[in-house]
Every structure is written in structure tokens, then in C-alpha cells.
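In: Quick one: sequence and predicted model below, then my questions.
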Amino acid sequence: MGRSVLVTGGNRGIGLAIAQELAEAGHRVAVTHRGSGAPEGLFGVKADVTDAEQLDTAFKQIEEHQGPVEVLVSNAGINDDTLLMRMSEEQFTRVLDTNLTGAYRVAKRASRGMLRARWGRFVFISSVIGLSGGAGQVNYAASKAGLVGLARSLTRELGSRNITANVVAPGFIVTDMTNELTEEQRAAALKQIPAGRYGDPADVAHVVRFLASDEAAYVNGAVLPVDGGLGMGH
Ligand code: NDP
């Protein structure tokens, strides 16, 4: 009958592709949104990952609707790129608060139910940039690298209870986030990708579907690149 799943930022982009794929696989899938409403066929909860109270309310709604979260996909994320010399402290902390502290908030809230059930799956959506770094992305890269330490610590804390915590590190995926780049930036990125194409949100969703499954029980604390070879060597 499937699992109870929450995908943060599942209202669009990579998160939406993940949510749809998990729903197609037979899971009960909830997504957070910040006012857009839920995409068709998915259970929407209004919550900002920077607000622990809103998240608590959202988790209660999900528990009522489809049971405690068994699979958490922490996907909500933002970027705010600029060179370090020009990056304000607010720009740094805002990106960290969403991408890293946001992941901590949802993971902490979801862990209660997983511990009770003695089964759980955490999947954190990081980025190739978290491992390679990126000029103008000190805030974003730090937040995405932080997810690796977070997931691996969770693996050590909860690994003996049938709970896994893994990181997916996408490369260049076509979404609103990458559509903001200039044509030159896109072309330069393409040259670096051995696969010779940009990624599709579905490329990421297929990997998350596996990590959420029973078959992935012995994959824990891993960082899985989904980048067409862009980041090879990590
Ligand atoms: P989009 O910009 O298309 O979507 C971002 C999603 O995150 C939206 O659903 C957005 O919700 C949500 N979100 C942002 N801030 C918050 C917040 N404070 N609270 C709740 N939800 C929030 O991005 P992508 O789909 O491209 O990216 C998804 C994830 O994948 C991100 O973590 C990103 O860093 C990562 N990633 C993306 C890559 C790419 O090439 N696209 C590559 C590597 C990693 P709303 O609609 O309300 O704004």
C-alpha cells in the first residue's frame, strides 16, 4: 500500500517530479508549498521550511491525512549567487537557513515517527556544487555540503533502526532555478557534462524512488551524484 511520503518544495521543479514519481509508485505523497496550492493528485500542506511552527502544523495535517512520514525528501532550496566580496551576511544566512537549517527542521520533526515505526528513509537533495564548490556560490555550496555531514550523522544515530539517510547530488537540471542562467552560462555548463545533455527532473526522481524503497535498505550515508558525469571524482 505504499509509504507516507513528504517532499518539501514538491510543488514544482525537481521536487514535483519526485513527488509524482513516488505517487505513481503507489506511495501516499504530501508536498509543501508556500501559497501555490498542491499540484493535482498530491496532498498539499502550506509551510515554509524556515518556520518550525508552520512545519509542525503541516506534519500534523500529514499525519492525519496519510499517517506519520516514513519517507522524507528534503528538497526545498534556494540560491542567491554573488562573489564573496559582495555577499552580505543576510544573503549567506538566508540561503543556509532554507537549505541546511530547513533540512534539519524537517528531519528532526520526521524522525519521531520513524523512530516509533523503526523504519524510515531520509533523502536530502544536495548539489554537485556542494562537493566541487562554485564561484559566486559560497552560501549555496556551504549549505549543500552541510547536508552531507547532516545525513551521515543521522546514519550513525539511526542506522541500527532500519532508517537510512542519503544524499542525492544533482548536476545541471532544467528547472526554474537553472532557467535563470544566461545562455552563455548554460552553454559553458553543457561543455562540462560528459553525458552531453542537461538533466531532467525525472533523472533525479528515479534515483530518489530507489532510495525510498525497501531494496535500498543497505544504502546508508551515501552521496549519489545524478549529474551525467559532471562531478566525477568526488
Ligand atoms: P526551483 O527553484 O524550481 O524550486 C525550488 C523549490 O523549493 C520550490 O518548490 C520552492 O517553493 C521551494 N522552496 C524554496 N524556499 C522554500 C522555503 N523557504 N520553504 C518551503 N519551500 C521552499 O528549484 P529546483 O527544482 O531546481 O531545485 C530543487 C532542489 O534541487 C533545490 O534544493 C536545489 O538546490 C537542488 N538542485 C537543483 C539543481 C538544478 O540544476 N536545478 C542542481 C542541484 C541541486 P515555492 O514554489 O514556494 O517557491
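Out: Sure, I can see it. Residues are numbered from 1 along each chain as shown.
In: helices or strands up against the top helix by length along the chain?
Out: Determined from DSSP state H, the single longest helix within the chain is helix 138-158. Where contact means 3 or more Cβ pairs under 8 Å, 6 or more residues apart in numbering; DSSP states H and E, helix 138-158 is packed against helix 89-96, helix 102-117, strand 120-125, helix 128-132, strand 163-170. C-beta here means a position set from N, CA and C on the backbone, and glycine is covered the same way.
In: would you turn the ones you listed into CSV with mean pLDDT and mean neighbour count?
Out: As requested, the helices and strands packed on helix 138-158 are exported to CSV (pLDDT from 0 to 100; neighbours: other Cβ atoms under 10 Å):
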stretch, mean pLDDT, mean neighbour count
helix 89-96, 98, 14
helix 102-117, 98, 19
strand 120-125, 99, 26
helix 128-132, 97, 21
strand 163-170, 98, 26
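In: among the ones you listed, which is nearest Asn75?
Out: Proximity to Asn75 (Cβ to Cβ) singles out strand 120-125 among those, at 4.3 Å.
In: now the closest one: how far from the chain's centre is it?
Out: From the chain centre to the centre of strand 120-125 is a distance of 8 Å (Cα atoms, centre = their mean, to the nearest Å).
In: does any bit of stretch 39-56 sit next to the ligand?
Out: Yes: residues of stretch 39-56 contacting the ligand under Cβ under 6 Å from any ligand atom: Asp48, Val49, Thr50.
In: Keep only those of those residues that are in helices.
Out: Among the residues of stretch 39-56 next to the ligand, no member lies in helices (by DSSP H).
In: And those residues, which of them are buried?
Out: Asp48, Val49 (16 or more other Cβ atoms under 10 Å).
In: The ligand contacts on the protein?
Out: So the chain meets the ligand at 8-9, 11-15, 32-34, 36, 48-50, 75-78, 98, 125, 127, 170, 172-173, 175-178 (Cβ under 6 Å from any ligand atom).
In: Identify those among those residues that sit within strands.
Out: Thr32, His33, Ile125, Pro170 (DSSP state E).
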